[in-house]
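Colleague: Okay, sequence plus prediction incoming.
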Amino acid sequence: FAVLIPSFAIGRTQEIISVLGQYGLAGRVVMDGMGIAASEIALEFPSYLKNSRQFSESYSKTRKIDGPAERKAAGKAGNVIIATAGMFEGGPVMSHVQNFLKRGQQAKIFLTGYQVRGTKGRRLLEEGTVRLNGQTVKWPWEVRFFDFSAHADAKGLLQHARKVNPKKIFCMHGEGDNLDG
């Protein structure tokens, strides 16, 4: 089987590459989407990375997808594909999903971050289905969730805001009542 990891391009992709590299899997990683460009930029600013040496070594061993033909070939058994988008909303990750379903090739999906209500990622977690070309399709293989947090929880963010004490705070991302305040 192959593993498909939908990921946010900035931060999450680099963290996953580093983790997989620590376990000796970097040579089996295939990257697709904006995470490639974001990773190239991250390499230019190593001081902003938790472990720049680990990331650089792991990233150098990953294969980068460049076009539809490479995308189709990426799904062979044993590969770990990291592709944007993290909540399963568009991006190259959906092409990989379609390729696996068309071929009937087993692929596990590992979601690595919070899935907002109403997103394809949340539906996949809760119902085991994906929406493709206007149709709801049952994902026939395993879906797992790994909690890679991108930031503090609500309590931690509020503590930070109180400490910094800004005049205004604009909430750009979140759910319903959490954006009011």
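Modeller: Looks like it arrived, so ask away.
Colleague: Now do the strands in the protein.
Modeller: Assignment of strands within the chain using DSSP state E yields the ranges 2-6, 29-32, 63-64, 80-83, 107-111, 129-132, 135-138, 143-145.
Colleague: any residues touching the second one, and which ones?
Modeller: Residues from elsewhere that reach strand 29-32 (CB atoms under 8 Å, 6 or more residues apart in numbering): 13, 17, 20, 39, 58, 61-65, 71, 74, 79-84, 92-93, 96. Using the backbone N, CA and C atoms, a C-beta is placed for each residue, glycine as well.
Colleague: Averaged pLDDT, it. What do you get?
Modeller: For strand 29-32, the mean pLDDT works out to 97.
Colleague: so who does residue 54 touch?
Modeller: Counted by CB under 8 Å, 6+ apart, residue 54 has contacts 18, 21-22.
Colleague: actually residue 39, not the one I wrote
Modeller: Going by CB under 8 Å, 6+ apart, the list of residues near residue 39 reads 13-14, 17, 31, 55, 59.
Colleague: Likewise for residue 113?
Modeller: 7-8, 12, 86-87, 147-150.
Colleague: Sketch out the low-pLDDT regions of the chain for me.
Modeller: Applying pLDDT under 70 to the chain flags the ranges 172-181.
Colleague: Helices along that one, start to end?
Modeller: Secondary structure of the chain (DSSP state H): helices located at 12-22, 35-44, 52-61, 68-73, 92-103, 120-127, 154-164.
Colleague: Surely residue 13 and residue 83 touch.
Modeller: No: shown here, residue 13 and residue 83 do not form a contact pair, counting by CB atoms under 8 Å, at 9.1 Å.
Colleague: if I look at the closest residue to residue 132 other than its chain neighbours, how far off is residue 1?
Modeller: Excluding the flanking residues, the one nearest residue 132 by CB to CB, 6 or more residues apart in numbering is residue 98, at 6.1 Å. Separation of residue 98 from residue 1 (CB to CB, to the nearest Å) stands at 17 Å.
Colleague: one step back: just send the contacts of residue 113 back as JSON lines, with neighbour count and distance to residue 26 too.
Modeller: Below are the contacts of residue 113 laid out as JSON lines (neighbours: other CB atoms under 10 Å; distance: CB to CB, whole Å):
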{"residue": "7", "neighbour count": "31", "distance to residue 26": "15"}
{"residue": "8", "neighbour count": "21", "distance to residue 26": "19"}
{"residue": "12", "neighbour count": "22", "distance to residue 26": "16"}
{"residue": "86", "neighbour count": "27", "distance to residue 26": "20"}
{"residue": "87", "neighbour count": "20", "distance to residue 26": "25"}
{"residue": "147", "neighbour count": "8", "distance to residue 26": "22"}
{"residue": "148", "neighbour count": "17", "distance to residue 26": "17"}
{"residue": "149", "neighbour count": "11", "distance to residue 26": "23"}
{"residue": "150", "neighbour count": "14", "distance to residue 26": "22"}
